[in-house]
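**Student:** let's see this in three dimensions:
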Amino acid sequence: MSDIVLTYNEKDLFAYLQKTRLETAKRLNDLNIEKSKSIKEENVSFKGTMTNIGHFFKRSVGNYGKKDDTIVAELNKFNNNNKTVIDESVARGLAFSLFQNDKYGLAKLIFAVTVIVDDDYQYKYTDEGLAEASSVLFGNREELAMIKTQLEANYNAIFPHSLSSVQKGLLLGAAIMALAGVVTMPVLLGAGVGASGPATTAALAAHGFGDMQIGLIAFTAESLAVGAVITGAVYGGMKLYNDAKVKKEFLSLTPENNALCLAIQCTYIERAKKTLSNAEFKDQLDSILRNLGILKSDLDFYLFVENESTKENKKKIKSFHEFDNRLIKVLDL
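**Tutor:** The predicted structure follows:
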């Protein structure tokens, strides 16, 4: 089954999940239209007060019809953008192969968050669509919904804004970095800001990952920063390549994406606490807090000493304080 990852990549799995959500909406909406038509026809011969019921069902069918137009349009848009899509059996195999060495489940969590915040298309029947996607990605229909609930609660506690303000592309880049083992391969950062898929693949090949199909996701400055923060890449190791550039990349995070990093960390900690052994959890928590502590100290320096980007940095530092408060609640301290 591991051979699947040599042929397909995370982009193929992501596209399949998008299609699944869109087709689920189409199927459910078609079913609701048929049900509404059937009920309306059963009542069409009644007189008097039943006339009002008929008007109600007529409006109901009309509303479903309007929603159907959007669903069909989005599904057509997807099909135009994706000429070939893997089938369900390949998708399930890929969901296993991509993450089989993801010991702590962090890469899979980041990928799941990417699915949750995806706004490439207008998804109707979002709960049902995520349930279908969850079945493929996790083998059960509830996991994505639980992650969404946890993430939204953590994000709102840290930064009271909608998750719609975050950028999905950064998360997918972070997931790829986690999949590639960036924590132990800082050479990826040495490929430079904005490195293309081929450049990244070349860097991986130098470390024995030549067969891994990474895809053509571009690593922007922010995706490097988000990926390194979320995956816990060693800050000191990255200094070997370009101290000033790396710090600048971290500091370039928008307040929204800075808060997203912290919310994902909270969500990961919340979930890891229930699944890891006590020793493993302590090691993971210590690594996360050390990495975030270094990042916050840089923010402190640029805000209080250099007085740079004061508006944005004040928001980000406030998010760190709220992260601490949220972590106290998550850890039940």
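**Student:** distance check, Leu170 against Arg21.
**Tutor:** Leu170 is 21 Å from Arg21, where distance means C-beta to C-beta, to the nearest Å. Using the backbone N, CA and C atoms, a C-beta is placed for each residue, glycine as well.
**Student:** same thing with Arg92?
**Tutor:** Look at Arg92 and Arg21: by C-beta to C-beta, they are 16 Å apart.
**Student:** so for these two, which residue has more residues nearby?
**Tutor:** Neighbours were counted for Arg92 and for Arg21 using other C-beta atoms under 10 Å; Arg21 has more, 24 against 19.
**Student:** what is the mean pLDDT for the helix or strand encompassing that one?
**Tutor:** Assigning secondary structure by DSSP states H and E places Arg21 in helix 10-42. For helix 10-42, the mean pLDDT works out to 85.
**Student:** for stretch 114-125, the distance to its chain's centre please.
**Tutor:** Offset of stretch 114-125 from its chain centre (C-alpha atoms, centre = their mean, to the nearest Å): 10 Å.
**Student:** contacting residues around the nearest residue to Arg141 once chain neighbours are set aside?
**Tutor:** In space, and not counting its chain neighbours, Arg141 is closest to Ala131: 4.2 Å by C-beta to C-beta, 6 or more residues apart in numbering. Contacts for Ala131 (C-beta atoms under 8 Å, 6 or more residues apart in numbering) come out as Arg141, Glu142, Leu144, Ala145.
**Student:** for the second one, which residues are in contact?
**Tutor:** Contacts were defined as C-beta under 8 Å, 6+ apart; by that measure Glu142 touches Ala131, Ser134.
**Student:** quick one, phi psi at it?
**Tutor:** Glu142 adopts backbone torsions of phi -100, psi -20, taken as degrees, to the nearest 10.
**Student:** spatially central residue for the protein, please.
**Tutor:** Nearest residue to the geometric centre of the chain (C-alpha atoms, centre = their mean): Thr114, 1.7 Å.
**Student:** how much space between that residue and Tyr104?
**Tutor:** Taking C-beta to C-beta as the criterion, Thr114 is separated from Tyr104 by 18 Å.
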